[in-house]
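>>> return a 3D structure for these sequence lines:
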Amino acid sequence: MSGSDYSRVEQTIRYLETHARDQPSLTELAQHVGLSEFHFQRLFRQWAGVTPKSFLQCLTLNHAKALLSESRSLLETSLELGLSGTGRLHDLFLNLEAVTPGEFKRAGAGLVLRWGIHATPFGEALFAITERGLCALSFLEEGSRSRAVSDLQARWPEATLVEASIQSEPFALEVVSRMLGTAHQPLALLLKGSPFQVKVWQALLAIPEGRVASYQGLARLAGSPNGSRAVGSALAMNPIGYLIPCHRVIRATGAVGEYHWGNVRKWALLGVEGARGLTREHVS
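Below is the predicted model:
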């Protein structure tokens, strides 16, 4: 990407950050940087990994979380964000996080988390689900079962935890199929974290299997080019291992770096994904 391309993307992000409340259209953003809508959308997606619309939705969601955390009402939050009403706020949360704004505000009160321990190609893992999707996937070390359950409760302090392996098993089987590189069905994920953490976790989804990114590169994807250290903290708090692929982030020197669920497991994940990518390239 040329310097002028980067300048346009940076200019767009700054404009979005200061005009998010106005919910600017694609046409308005393209005109702001002097490009056609087609070329602007392609350029932005190439650099950021998401469309301008998706990036704006993430900014709006982060602002919404901050307002709700300040005990603002749903209507007040909607109007502050430039949304027409609570219906659009509701849709925004469901589309990006599979949780309603009310549920986010209540910190899990009234939610039932059903969890179970299941085998995967990379060791046993705790899977936790809600009616809206998978909210936790934590690989286990020997003797760490009780700690994993305690960590889950700490993340969702107001939720009720129920051991229910039968209910969590279909999610585990679907994740295992993905680990094996076989056909899979879409999985809904329910994320709970600070606005910056969620932004980093969403940026991770833009890193394809068989590829890696540096902490600095991920910070740029998350919209915080100088936030490498904060990115590392967000990776350590990733609630859904493998599916939110924090194992694909390495140091700029090429060193694999730390992994919340063990460096050996990180090496194994990267090795399997890399080999699968080489096989696909050879076949094609």
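
>>> in this structure residue 115 contacts residue 126, no?
Yes. Using Cβ atoms under 8 Å, residue 115 is in contact with residue 126, at 6.0 Å. Placement of C-beta: from N, CA and C, glycine included.

>>> what residues are shared contacts of those two?
Common neighbours of residue 115 and residue 126, using Cβ atoms under 8 Å, 6 or more residues apart in numbering, are 136, 149, 152.

>>> and the first one, how many neighbours does it have?
Residues lying near residue 136 (other Cβ atoms under 10 Å) number 25.

>>> is it correct that it falls within a helix?
No. Going by DSSP: H, G, I helix; E, B strand; the rest coil, the assignment for residue 136 is strand, not a helix.

>>> residue 152 is in contact with that one, correct?
Yes. In this structure, residue 136 is within contact of residue 152 by Cβ under 8 Å, at 5.4 Å.

>>> find residues that contact each of the two.
Each of 113, 115, 126, 128 lies in contact with both residue 136 and residue 152 under the rule Cβ under 8 Å, 6+ apart.

>>> wasn't residue 117 part of a strand?
Yes. Residue 117 forms part of a strand when assessed by three-state DSSP.

>>> which residues of this structure score low on pLDDT?
Across the chain, the ranges flagged by pLDDT under 70 are 1-4, 6, 47-50, 57-109, 183-184, 277-284.

>>> which residue ranges of the stretch 101-250 of the chain form strands?
With DSSP state E, counting those that start in this stretch applied, the stretch 101-250 of the chain shows strands at 112-118, 125-130, 133-139, 160-163, 213-214, 249-250, listed in chain order.

>>> rebuild the ones you listed as CSV, extending it with distance to residue 12.
What follows is those, written out as CSV (distance: least, Cβ to Cβ, whole Å):
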stretch, distance to residue 12
strand 112-118, 39
strand 125-130, 35
strand 133-139, 31
strand 160-163, 43
strand 213-214, 21
strand 249-250, 25
